[in-house]
Structures are given as C-alpha cells and as structure tokens.
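Visitor: from the sequence below, what's the structure:
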Amino acid sequence: KRSSAKGNLLSIEMDPTRADRVASAVLAKYASLHVKADGWTVVAGIACVAPDNHVCVLAVASGCKCVGKLEKRDDVVRDGHAEVVARRALRRALLDDADVYNLATEGECWLFATAPPCGDAAIYALDDDSVAFSGAKLGDWRREDAQVTSAVRLKPGRSDVPVERRSGSLSCSDKILKWSVCGLQGALLRAKFPGAMPLAGVVVSSQPRSSSNALAASLDRALFLRAEHLAAACRARPPLLRTRVTDVGAELAAQRGAGKPSSLIVAWWRGCATPGVL
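Guide: Down below sits the predicted model:
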C-alpha cells in the first residue's frame, strides 16, 4: 500500500511549483473579479493542470456561511462555503463550455483554498501546543473537550441551535473526499460527462499561529489517508489525492475570523461573462 509520505513525495518530484502556481492562478482570477466583500471571506477555486503543466482556472468562489434547515425551497443555496461553491461553479462550467470537460479529463483538477476545509482537515496543531478546533460537528452534535480526528462531520453551527434547524450538510473535508473518489462532475452530470474527473490535489494557504508542517500533517491525515480508505471501501482505484501547503494567499488567511464574516457568496466559472453574487 502506498504511504502518504510517498504520495506527497511523488507530487513534489513531479512538479515542485505546482501548488504555488495553482494558488496564484486562482487568486489572480478572483482579484480580476473586483469583488467588494463586506467582511472577511474564504477564497477557493478549481484549476486544471494540463500535461504541459499549464494552469487553467475553471472556477473560483468565495464564501464562509452555511444555512441551517429551512422550509422546503428550491432557491436556497444552503452550503455557502467557498470550496463547495467552487465545485458548483465547475459543474456549471461543464454545461456552459464543452471545452471544460476536455481540459478536466486530459489534465489534473486541483482545488485551492485560503483556509483548511472545515471538518477533519481544520483540526491541526498550533504553535502554542494547543489544537485548532473545527466548527464542524460530529453527527450527534456532542460537545468535544478534545477533537475527534478522522471522523465524518456536519457543517459548522452553534451547539445551541435547535435540532430542527441544524445543518445537514457534510463538512468540506468529507465532501472533498467524495469528489476525489467519485469525481467532480457528480452523479447527475455523469450521464453526459462519463469520463473520470477525480480531484487530484488540494492546496491550502499557510495559516497564522501554525507551522506549515503541522498543517500539512493535518491535510495528509484528513484527506490523503482517508481518501485511500474510502476508495478501498468503494472498491475504486486508489486516488492520487495530493495535499500541499503554500505561502500564496497567507495574507488572506490571516484575515479570517477578524471582524464580521462576509454575507456574500461569489462564483465565477469559465464561460460566464460576470460572476454570480448571492
């Protein structure tokens, strides 16, 4: 069985600049949208790395909120976390631009985010020997004095939210695992786009109060190793989900949690003239 260290080593040997170039391309595209956020936000995007190592951004998003259970409505985006919105935008790009499918299947799709995906990947060691707590909750929503790792979690929410209003959305860490094994296009679009579109890598900006090594270890545990276990359980081929930490976007990461969170969800995808804003 391939070890996590070997998997990440292969990525580094193949192209040591890939993580930085993916992150830079996503942030450059987001900056070109000239979004005027009304608070701190998380930026994420999905880019395709072609066989010649050219990076093409397919989708970019920002967001940081998740809506709990409401009345049944079809016009509510419940999961507004940037990684999930970026993947929604990618699926829209598939429908709008036939070339996106060719790019995604001929190259590798990488996800970049300025914050660790909520859930298991957001549990990492800090410089003062404490641990960063994830807001995502275990299925029974019990209060944790020490965080349980390698567990499935639901989207962040206050522990005192009534049961009937709690979020039923899986954490971003768990959704990313699913994309890495089952494909980014999802079951609904697989009939039209049957080719393999696995998520090949996840890049996260370095975080304040934590070393890159500590964050890398968390991503390795939460994404790389769990993806291998999920693939085995699904009897799927072992995914090549690589995880990397980059200094690109560190200034945005440092702003997270300072002041109020933005109320905006922004999404751009290849083929759209102007970004969608909710």
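Visitor: how about low-confidence regions in the stretch 101-250 of the chain?
Guide: Within the stretch 101-250 of the chain, the ranges that satisfy pLDDT under 70 run 157-159, 236-240.
Visitor: what about 90?
Guide: Where the stretch 101-250 of the chain drops to pLDDT under 90, the residues are 135, 137-146, 155-169, 178, 180-182, 186-188, 195-196, 198, 224-241.
Visitor: and the helices in it, which stretches?
Guide: 172-182, 186-190, 212-219, 226-233, 250-255 (DSSP state H, counting those that start in this stretch).
Visitor: and these, which is most packed in?
Guide: Highest mean neighbour count among these (mean count of other CB atoms under 10 Å): helix 172-182, with a mean of 24. C-beta: built from backbone N, CA, C; applies to glycine.
Visitor: what is the burial count for Arg142?
Guide: Neighbour count for Arg142, taken as other CB atoms under 10 Å: 10.
Visitor: cool, Ala222 as well?
Guide: By other CB under 10 Å, 29 other residues sit near Ala222.
Visitor: thought it was touching Ala121?
Guide: Yes: with contact defined as CB atoms under 8 Å, Ala222 reaches Ala121; the gap is 3.9 Å.
Visitor: can you put the helices of the stretch 101-250 of the chain in JSON lines and add distance to Asp75?
Guide: Below are the helices of the stretch 101-250 of the chain laid out as JSON lines (distance: least, CB to CB, whole Å):
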{"stretch": "helix 172-182", "distance to Asp75": "21"}
{"stretch": "helix 186-190", "distance to Asp75": "18"}
{"stretch": "helix 212-219", "distance to Asp75": "34"}
{"stretch": "helix 226-233", "distance to Asp75": "32"}
{"stretch": "helix 250-255", "distance to Asp75": "30"}
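Visitor: of the ones you listed, which is nearest Ala115?
Guide: Closest of those to Ala115 is helix 250-255, at 6.1 Å (criterion: CB to CB).
Visitor: which other residues reach that closest one?
Guide: Residues from elsewhere that reach helix 250-255 (CB atoms under 8 Å, 6 or more residues apart in numbering): Leu27, Trp40, Val43, Thr114, Ala115, Ser205, Ser206, Gln207, Pro208.
Visitor: quickly run through the sheet partners of the lengthiest strand in the chain, with directions.
Guide: Longest strand in the chain, counting residues (DSSP state E): strand 55-66. Partner strands and pairing direction for strand 55-66 (DSSP bridges) are strand 42-49 (antiparallel), strand 79-81 (antiparallel), strand 266-269 (antiparallel).
Visitor: which strands or helices does the helix or strand just after the second one pack on?
Guide: Note on strand 79-81: by DSSP states H and E, the next helix or strand toward the C-terminus is helix 82-96. Where contact means 3 or more CB pairs under 8 Å, 6 or more residues apart in numbering; DSSP states H and E, helix 82-96 is packed against strand 42-49, strand 55-66, helix 98-106, strand 108-113, helix 172-182, helix 186-190, strand 266-269.
Visitor: now the shortest one - C-alpha only, CSV.
Guide: What that stands for is strand 266-269. The C-alpha trace of strand 266-269 is given here as CSV (Å, rounded to 0.1, in the frame of the first residue of the first chain):
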residue,chain,number,x,y,z
VAL,A,266,-19.4,34.9,-5.2
ALA,A,267,-19.0,32.4,-8.0
TRP,A,268,-17.2,32.6,-11.4
TRP,A,269,-16.8,29.8,-13.9
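Visitor: would you mark the buried spots in it?
Guide: Val266, Ala267, Trp268, Trp269 (16 or more other CB atoms under 10 Å).
Visitor: equivalent analysis for the longest one, please.
Guide: By neighbour count on 16+ other CB under 10 Å, the buried set for strand 55-66 is Val55, Val57, Leu58, Ala59, Val60, Ala61, Ser62, Gly63, Cys64, Lys65, Cys66.
Visitor: if we can go back for a sec, show me the one of the helices of the stretch 101-250 of the chain that comes nearest Arg21.
Guide: For the helices of the stretch 101-250 of the chain, proximity to Arg21 was assessed by CB to CB; helix 250-255 is nearest, at 15.9 Å.
Visitor: show me how far the closest one is from its chain's centre.
Guide: Offset of helix 250-255 from its chain centre (CA atoms, centre = their mean, to the nearest Å): 16 Å.
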